[in-house]
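Asker: Please work out how this folds:
(one chain, ligands or ions: 1)
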Amino acid sequence: MNERQAIILGTGPAGLTAAIYAARANLNPLVIEGNEPGGQLTLTTEIENFPGFPEGIMGPDLMENMRKQAERFGAEFLFGIATSVDLTHRPFRVTVNETDEFYAQALIISTGASAKMLGIPGETEALGHGVSTCATCDGFFFRDKKIVVVGGGDSAMEEATFLTKFASEVTIVHRRNALRASKVMQDRAHNNPKIKWVMNHTPIAVKSEDNHVVGLEVRDNESGTTRLLEAEGVFVAIGHQPNTAFLNGQVEIDKVGYIITNPYNTATSVEGVFACGDVMDSRYRQAITAAGTGCRASMDLEKYLEGSFVHDWSMTGR
Ligand code: NAP
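Answerer: Numbering: from 1, shown residues only. Modelled structure (predicted):
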């Protein structure tokens, strides 16, 4: 039986920080890389707010450095995706790529969250050819072009405001008349002369010609009429979905799908299973906060393996 003391699922800043700490604690963790090795930061360009890099650092470089640091202390990496788990008894079973089984006395889940898509015709085919979920990554390619941003939350406001640095015009399309975004983010977008608004409209199709996006077709929710908003870029900013489906309900999650952790530590509803990073954090979602929770998860796991972790939810009122 392929059994380890610790398995870590995911290689974003949370998983890699957990791996560094677990490896330095001589736990020889097995780290399952996931479907986006390095996590969302590998899709970004320069990171200017990760402490310790006064000149900034490229996202992929930061993740590569974290990985090398974990490897240096003995973390073992496996390219693959955790497709299912059995957490009913220890050692926990982790199935990778639906066939390979690994066992662990304790587990850290740091599988992150993925951008939600609209699920409309033309969208998937145009990903990378005009459709994007990351303004920071792709905004640069839309210099002096028209862009549509879909969504009414903080992400949409932030992305639209950021994109005005490049675009000739940014149109925010939202499916309701009221925005979900915080007042300060709304105000910032409203005060930006390059941003236009198409409220109470539902996106129905991404239109492309010769493999290039030419616009977003929308339906007016009141009149039912449809029209094409001409744009060369469509940025989808409608939130993220935590990657927890593979857990199949064995760990307690909230109504959106984020893992619920004890507010005083990183314990989940299953003893010996800890969670960190975006898979349990819908609020901060920063590289540095993810790394911080990764450190906490690894320290909790170490204590758990020593038999000194107190799995106590009573202070939370549960
Ligand atoms: P969000 O708050 O869940 O907003 C998602 C938006 O997308 C909503 O306006 C929603 O419409 C719309 N939407 C969802 N599914 C859609 C669909 N299928 N078709 C069309 N529209 C759809 O997500 P978020 O903006 O990513 O923010 C997530 C969390 O991160 C929030 O807590 C936010 O405050 C935080 N955040 C903070 C900052 C910041 O402060 N700098 C920046 C980004 C995010 P409805 O409103 O109709 O549901």
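Asker: Quickly list the domain ranges of the chain.
Answerer: Recorded structural domains for the chain (assignment: automatic domain parsing) are 3-114+240-316, 117-236.
Asker: contacting residues for the residue lying closest to residue 94 once chain neighbours are set aside?
Answerer: Sequence neighbours aside, residue 102 is the residue nearest to residue 94 in space, at 4.8 Å (criterion: CB to CB, 6 or more residues apart in numbering). Every C-beta, even on glycine, is put in place using the N, C-alpha and C of the backbone. Taking CB atoms under 8 Å, 6 or more residues apart in numbering, we find residue 102 in contact with 2, 3, 4, 7, 30, 32, 93, 94, 95, 96.
Asker: Assumed residue 102 was part of a helix.
Answerer: No. With DSSP: H, G, I helix; E, B strand; the rest coil as the criterion, residue 102 is strand rather than part of a helix.
Asker: What about residue 249, how many residues nearby?
Answerer: Residues lying near residue 249 (other CB atoms under 10 Å) number 8.
Asker: Residue 164 now?
Answerer: By other CB under 10 Å, 17 other residues sit near residue 164.
Asker: pretty sure it is in contact with residue 158, am I right?
Answerer: No. Between residue 164 and residue 158 there is no contact under CB atoms under 8 Å: 11.3 Å.
Asker: Alpha carbons of the host helix or strand of residue 149, as CSV, please.
Answerer: Using DSSP states H and E, residue 149 sits in strand 146-150. What follows is strand 146-150, C-alpha atoms only, in CSV (Å, rounded to 0.1, in the frame of the first residue of the first chain):
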residue,chain,number,x,y,z
LYS,A,146,-13.3,47.6,-27.0
ILE,A,147,-13.9,45.2,-24.1
VAL,A,148,-17.0,43.8,-22.4
VAL,A,149,-16.8,42.7,-18.8
VAL,A,150,-19.6,40.5,-17.5
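Asker: Contacts for it, please.
Answerer: 118, 135, 156, 159-160, 163, 167-174, 203, 215-216, 229-238.
Asker: Any part of the helix or strand that that strand is followed by near the ligand?
Answerer: The helix or strand immediately downstream of strand 146-150 is helix 154-163, counting by DSSP H and E. Yes. Against the ligand, helix 154-163 shows contacts by CB under 6 Å from any ligand atom at 154, 155, 156, 158.
Asker: In the stretch 1-150 of the chain, which residue sits closest to the ligand?
Answerer: Closest to the ligand within the stretch 1-150 of the chain is residue 118: 5.3 Å, counting by CB to the nearest ligand atom.
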